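Participant: following is a predicted model, sequence given first.
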Amino acid sequence: METTILKEMTKGGSKLSVGGGVEDVYGEDCATEDQSITPWTVSIASGYTLLRDPHHNKGLAFTEKERDIHYLRGLLPPAVISQELQEKKLLHTLRQYERPLQKYMALMDLQERNEKLFYKLLINNVEELLPFVYTPTVGEACQKFGSIFRHPQGLYISLKERGKILEVLKNWPKRTIQVIVVTDGERILGLGDLGCQGMGIPVGKLALYTALGGVRPSSCLPVTIDVGTNNEELLKEECYIGLRQKRATGQEYNELLHEFVCAVKQNYGEKVLIQFEDFANHNAFELLARYRSTHLVFNDDIQGTAAVVLAGIDAALKIVRGSLYEHTFLFHGAGEAGTGIAELIALQMSKQNKITLEEARKKIWLIDSKGLVVSERMESLQQFKKPWAHEHEPVKNLADAVKEIKPTVLIGCSGIGKTFTKEVIEAMASFNKNPVIFPLSNPTSQSECTPEEAYTWSKGCAIFASGSPFDPVEYNGKTLVPGQANNAYIFPGFGLGLVISGTIRVHDDMLLAASEALAGQVTEEDIRKGMIYPPISKIRKISAHIAANVAAKAYELGLATHLPQPENLLKFGESCMYSPLYRNYR
Ligand SMILES: NC(=O)C1=CN([C@@H]2O[C@H](COP(=O)(O)OP(=O)(O)OC[C@H]3O[C@@H](n4cnc5c(N)ncnc54)[C@H](OP(=O)(O)O)[C@@H]3O)[C@@H](O)[C@H]2O)C=CC1
Ligand SMILES: CC(=O)C(=O)O
Ligand SMILES: [Mg+2]
């Protein structure tokens, strides 16, 4: 098949070359989605190849003229339909599927077939479709990844590629990458070690980077590092897609990860964001500590989750009153999410009250699988738990700890479902007018409790937000809307902020800036309805605000490299956001 140069043109577009200040941000094949600045892009597909190129395929929406010019005659049935009608038809079809996994597979197929239509559908129906590309369905998809696998998405880097990672990166068809989400599959949501099948997570997270944060899909790269799996069932499974060996650890593991991180910087430069996702905590904290001062790295489970929860607490304080420091926090789970959130809350308390971090930490308690984290256990505690080992008698279970500590805010992040029992919630409600309850564990099966349970056991008083989505609940004739405390509110806007400012390092103050921007998007009306997060349907606007705040902080800290600083970062961020609308081809 002959390939010709294909030029995309916006309606009324007149310029021939790619130009404008935003080009530096997006580089390569398209400068910006602000078509008034740069209406042209160049690609190389035509005819049959064009129909199979997901970035440019429009299916039946190709116009008569485009069909003539691009050798599409006969390759499509005669009807020409609009993108809006395509979207309507697809939504109708998706709604016919009964099982969430069928919807997931249909959506992934669409993403591989027609990228713009996939994103238009997702952006316009985010509330309805997010649960099928993200938690909870992505969890089931990862568990069954081997049997539902149809076409590879993202890059697989296994121990077999040791010493050749730079070459592997060069096999990826895009040269300009701005965001990488990488997992090694060892702690996929609360579902444990899913090995190579964890790829569903980077793919899903990056779909959100584009749909929720407006980062261009062509500049996103999902990566799975396969060092084996300790999941015996997967190792025995016929359809398992990964290396059939136990996980490599120690030096072998560290060397592979180091080669990866260095190859990324060498291939894509120092402004590419590496987001670590769903690593087990024994690696996650070390990787972040090792690379945070030399590379642009971000751990979503530790840092993104912290920012989203702090924002929810900020909004909850408008209902329960008092400052952060006047509250007492208890975490069920002392891993990445737990200690990450705890640390950011302590940092904010210390800034607000001009106290030391040590003093602030005293208001925060954590429980792990062995009970309350207390000083008596200091020697045997992992490093990241030590700052939280306060003086206290040992306490073995959550219900007893709640009664002893009397927290105002209870946060679940153990990955173990059903642990916020009736006894726990009733105890919380017995000394709090409005207990703040955050069952953060994902997916839905691992949630510490449902909103219905929290509202019923607290007699409708709980302020509730969970990691996975739940439907509104009718309680005593009132509709209560549970919030979704999920890092999806933060990372897409956070990443966009780094990209538009060309930031080279992540600083904790940027997490506070992101958190503040999210909390600022919660309206009085949301609060009146008991909602501590803004509706997810407004996520593009929310992400633009987060991006602007993060970028502003990066400029203030001298970590941004795109100079001069745009006058209006919000407008600039919005103008950089990916648009899923088809372009006219000439
Ligand atoms: N809503 C959101 O945005 C996010 C949600 N999460 C969810 O949070 C959960 C935990 O993730 P993460 O922190 O990364 O995982 P980690 O493995 O790092 O931490 C889990 C913690 O839970 C503790 N734990 C395990 N079992 C029990 C138990 N029976 N009783 C008390 N504590 C227990 C572990 O104890 P020990 O240390 O002793 O092993 C550990 O401290 C997952 O379900 C994940 O999906 C994570 C990130 C974001
Ligand atoms: C949401 C998320 O990052 C997690 O559950 O791991
Ligand atoms: Mg995660």
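Facilitator: Received the coordinates, thanks. Please read all numbers here as calculations on a predicted model, not as lab measurements. Ligands and ions are numbered 1, 2, ... in the order given.

Participant: is Val215 in a helix, a strand, or coil?
Facilitator: Under DSSP: H, G, I helix; E, B strand; the rest coil, Val215 falls in the coil class.

Participant: tell me the pLDDT of the residue nearest to it when sequence neighbours are not counted.
Facilitator: Nearest residue to Val215, sequence neighbours excluded (CB to CB, 6 or more residues apart in numbering): Tyr209, at 4.4 Å. C-beta here means a position set from N, CA and C on the backbone, and glycine is covered the same way. Tyr209 carries a pLDDT value of 98.

Participant: and the strands in the stretch 251-400 of the chain?
Facilitator: 273-276, 297-299, 329-332, 364-368, 371-372 (DSSP state E, counting those that start in this stretch).

Participant: make JSON lines from these and add mean neighbour count, distance to Cys196 and mean pLDDT to it.
Facilitator: Listed next are these as JSON lines, based on neighbours: other CB atoms under 10 Å; distance: least, CB to CB, whole Å; pLDDT from 0 to 100:
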{"stretch": "strand 273-276", "mean neighbour count": "25", "distance to Cys196": "17", "mean pLDDT": "98"}
{"stretch": "strand 297-299", "mean neighbour count": "23", "distance to Cys196": "21", "mean pLDDT": "98"}
{"stretch": "strand 329-332", "mean neighbour count": "25", "distance to Cys196": "30", "mean pLDDT": "98"}
{"stretch": "strand 364-368", "mean neighbour count": "25", "distance to Cys196": "28", "mean pLDDT": "98"}
{"stretch": "strand 371-372", "mean neighbour count": "20", "distance to Cys196": "35", "mean pLDDT": "98"}
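
Participant: still on that earlier bit, wait, isn't the residue nearest to Val215 in contact with Val179?
Facilitator: Yes: under the criterion of CB atoms under 8 Å, Tyr209 is in contact with Val179, at a separation of 5.7 Å.

Participant: shared neighbours of the two, anything?
Facilitator: 215, 220, 495 (CB atoms under 8 Å, 6 or more residues apart in numbering).

Participant: helix, strand, or coil at the residue in the chain positioned nearest to ligand 2?
Facilitator: Proximity of the chain to ligand 2 (CB to the nearest ligand atom) peaks at Asn442, 3.7 Å away. Here Asn442 is coil, with the state taken from three-state DSSP.

Participant: close to ligand 1: what parts of the chain are there?
Facilitator: Within reach of ligand 1 by CB under 6 Å from any ligand atom, the chain has these residues: 187, 189-190, 281, 301, 305, 308, 332-338, 367-370, 413-416, 440-442, 446, 467, 485-487.

Participant: filtering the residues you listed by proximity to ligand 3, which remain?
Facilitator: Filtering the residues of the chain next to ligand 1 for neighbours of ligand 3 using CB under 5 Å from the ion leaves Asp301.

Participant: which parts of the protein sit against ligand 2?
Facilitator: 135, 189, 278, 300-301, 442, 467, 486-487.

Participant: show me the residues you listed that map onto helices.
Facilitator: Using DSSP state H, no member of those falls in helices.

Participant: biggest strand in this protein by residues?
Facilitator: Across the chain, the longest stretch assigned as strand under DSSP state E is strand 220-226.

Participant: could you pull up phi and psi at Lys363?
Facilitator: Per-residue torsions, Lys363: phi -90, psi 0 (degrees, to the nearest 10).

Participant: give me the neighbour count for it.
Facilitator: Lys363 has 21 neighbouring residues, counting by other CB atoms under 10 Å.

Participant: if I look at the nearest residue to it once chain neighbours are set aside, how far off is ligand 1?
Facilitator: Once flanking residues are discounted, Lys363 sits nearest to Thr328: 5.6 Å by CB to CB, 6+ apart. As judged by CB to the nearest ligand atom, to the nearest Å, Thr328 and ligand 1 stand 18 Å apart.

Participant: and the helix or strand Leu206 falls within, how far out from the chain's middle?
Facilitator: Following DSSP states H and E, one finds Leu206 within helix 200-211. Relative to the centre of its chain, helix 200-211 is centred 7 Å away, using CA atoms, centre = their mean, to the nearest Å.

Participant: ok, stretch 168-180 next?
Facilitator: The answer for stretch 168-180 is 20 Å, by CA atoms, centre = their mean.

Participant: and the residue nearest to Lys363, how many residues sit next to it?
Facilitator: Neighbours of Thr328 under the rule other CB under 10 Å: 16.

Participant: kindly report the same for the one 5 residues further on.
Facilitator: Neighbouring residues of Gly333 were enumerated by other CB under 10 Å; the total is 24.

Participant: same thing with Tyr71?
Facilitator: Neighbours of Tyr71 (other CB under 10 Å): 17.

Participant: what does Lys354 give?
Facilitator: 7.

Participant: just Leu76 next, same as before
Facilitator: Neighbours of Leu76 (other CB under 10 Å): 15.

Participant: please enumerate the helices of the stretch 101-250 of the chain.
Facilitator: 115-124, 126-133, 137-143, 145-148, 165-171, 200-211, 232-236, 250-268 (DSSP state H, counting those that start in this stretch).
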